[in-house]
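S.K.: The amino acid sequence is not available; the structure is as follows:
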């Protein structure tokens, strides 16, 4: 096998980069006429797809059966790869051998029983292997039987494509798609709620608000998330949704029993501008759910900037939280305290001995940005680093602060 094709199939990014720099053709096809971009799609290898596209691989180069990388990604339910290909200009009107373009293919797979299809194609009747895979836009379930694998991203893909084709899918249909996936971290929840939020219409706002009193917590979550996103992404100078969101969320978060629903309520208040939003946040830093504690801490940034002692005390307490992500968030928020607040600075210094590296580094960076050298030993141990380091941009901020 040609080394370039072998490297793509094995996911060896280092070798692929080296071969591309040496002149390898990003449109190389294997002995079956399958372009390497399609091979990367079949492997669900998003970084490899990105690498090949940056190397100018043609996004519409089809395989021997006329399937483009986009059509293959849609068939496989690869939501993240589908979005990437569309963003890089993949043509959505090209059809496959059955005459289906991207939209009709996505709708076909959305309506297909994936387990039954795997059994039909593989000829096997045994149990299907299931596992959760994650991407920047959320989770997805991956189903495998024999040598066949497919992901459950079709509803999210269809939702995103409908927007691209100018189709305004109804509120009830989008709600139904989300409710079909009980995991609120599934990619379809982001696509459906964000699609509705983008419309920023009074009708959508009212429909989402009406879900507040539904007995199903998943319906309440959907409504809260749509409202949160409408306000979060609204760029109007007069912020027309900010006050109404606080009007709805303040009493709602006080009575909401489900932590899944309490998270968008807390995050929505944390992001709001209306000063009333601060009322419940200090108490929410004690919530049993760590995601809610993180969201509440983020909302205390402005009170901390003002020197609010109650807020400061709540944030300092969270530096000893059981969850490392909460402790790291507390460090970020503590850094917003006035530079002369020595108590906040000393609290950050106590985090330099945290058992979790992410927290120690965060505390060291925030101290450095306050011109306190107590974390320098930790920062020096991380240098030099590159852009692939999780701390690259934090260290960049320190360097820029110190050297201008």
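M.R.: The structure has been received and is ready for your questions. Predicted, not measured: the structure shown is a model, and the values here were computed from it.
S.K.: what about residue 325, distance to residue 359?
M.R.: Here residue 325 is placed at a distance of 9 Å from residue 359 (C-beta to C-beta, to the nearest Å). C-beta: built from backbone N, CA, C; applies to glycine.
S.K.: who's more crowded, those two?
M.R.: Here residue 325 and residue 359 are set side by side on neighbour count (other C-beta atoms under 10 Å), and the busier one is residue 359, at 23 against 15.
S.K.: Wasn't the more buried one part of a helix?
M.R.: Yes: using DSSP: H, G, I helix; E, B strand; the rest coil, the assignment for residue 359 is a helix.
S.K.: Need the pLDDT of it.
M.R.: Model confidence at residue 359, given as pLDDT, is 98.
S.K.: In contact with it: list those residues for me.
M.R.: 324, 327, 328, 331, 351 (C-beta atoms under 8 Å, 6 or more residues apart in numbering).
S.K.: give me the number of residues near residue 23?
M.R.: Residue 23: 6 neighbours (other C-beta under 10 Å).
S.K.: List the contacts of the residue nearest to residue 147 when sequence neighbours are not counted.
M.R.: In space, and not counting its chain neighbours, residue 147 is closest to residue 122: 7.6 Å by C-beta to C-beta, 6 or more residues apart in numbering. Contacts for residue 122 (C-beta under 8 Å, 6+ apart) come out as 145, 146, 147, 148.
S.K.: Kindly recompute the last result at 10 Å.
M.R.: Listed by C-beta atoms under 10 Å, 6 or more residues apart in numbering, the contact partners of residue 122 are 128, 144, 145, 146, 147, 148.
S.K.: what about it, distance to residue 140?
M.R.: 20 Å.
S.K.: Same check on residue 287?
M.R.: Distance of residue 287 to residue 140, given as C-beta to C-beta: 28 Å.
S.K.: between the two, which one's more packed in?
M.R.: Between residue 287 and residue 140, counted using other C-beta under 10 Å, the more crowded position is residue 140 (26 against 19).
S.K.: pretty sure that one contacts residue 80?
M.R.: Yes: under the criterion of C-beta atoms under 10 Å, residue 140 makes contact with residue 80 at 8.4 Å.
S.K.: which neighbours do the two share?
M.R.: 44, 133, 134, 151, 153, 156, 187.
S.K.: if we can go back for a sec, ok, of the contacts of residue 359, which one's closest to residue 198?
M.R.: Of all these, the one with the least separation from residue 198 (C-beta to C-beta) is residue 328, at 31.0 Å.
S.K.: So what's the residue count around the closest one?
M.R.: A count of nearby residues for residue 328, using other C-beta under 10 Å, gives 23.
S.K.: Double-check that it belongs to a helix.
M.R.: Yes: using three-state DSSP, the assignment for residue 328 is a helix.
S.K.: For residue 143, identify the helix or strand it belongs to.
M.R.: Here residue 143 sits within strand 138-145, counting by DSSP states H and E.
S.K.: Who are the packing partners of that strand?
M.R.: The contact analysis (3 or more C-beta pairs under 10 Å, 6 or more residues apart in numbering; DSSP states H and E) places strand 138-145 against helix 79-87, helix 114-122, strand 129-135, strand 148-151, helix 154-164, helix 187-199.
S.K.: ok now it, how far from the chain's centre?
M.R.: Centre-to-centre, strand 138-145 and its host chain are 16 Å apart (C-alpha atoms, centre = their mean, to the nearest Å).
S.K.: And stretch 96-105, by the same measure?
M.R.: Worked out by C-alpha atoms, centre = their mean, stretch 96-105 lies 28 Å from the chain centre.
S.K.: go on, stretch 253-272?
M.R.: For stretch 253-272, the distance to the chain centre is 19 Å (C-alpha atoms, centre = their mean).
S.K.: What residues sit buried inside that stretch?
M.R.: Residues of stretch 253-272 classed as buried by neighbour count (16 or more other C-beta atoms under 10 Å): 253, 256, 260-272.
S.K.: And for stretch 170-181?
M.R.: Neighbour counts over stretch 170-181 (16+ other C-beta under 10 Å) mark 171, 174, 175, 177, 178, 179, 181 as buried.
S.K.: what two of those residues are the furthest from one another?
M.R.: Farthest pair in the buried residues of stretch 170-181 (C-beta to C-beta) is 171 and 181. Separation: 17.1 Å.
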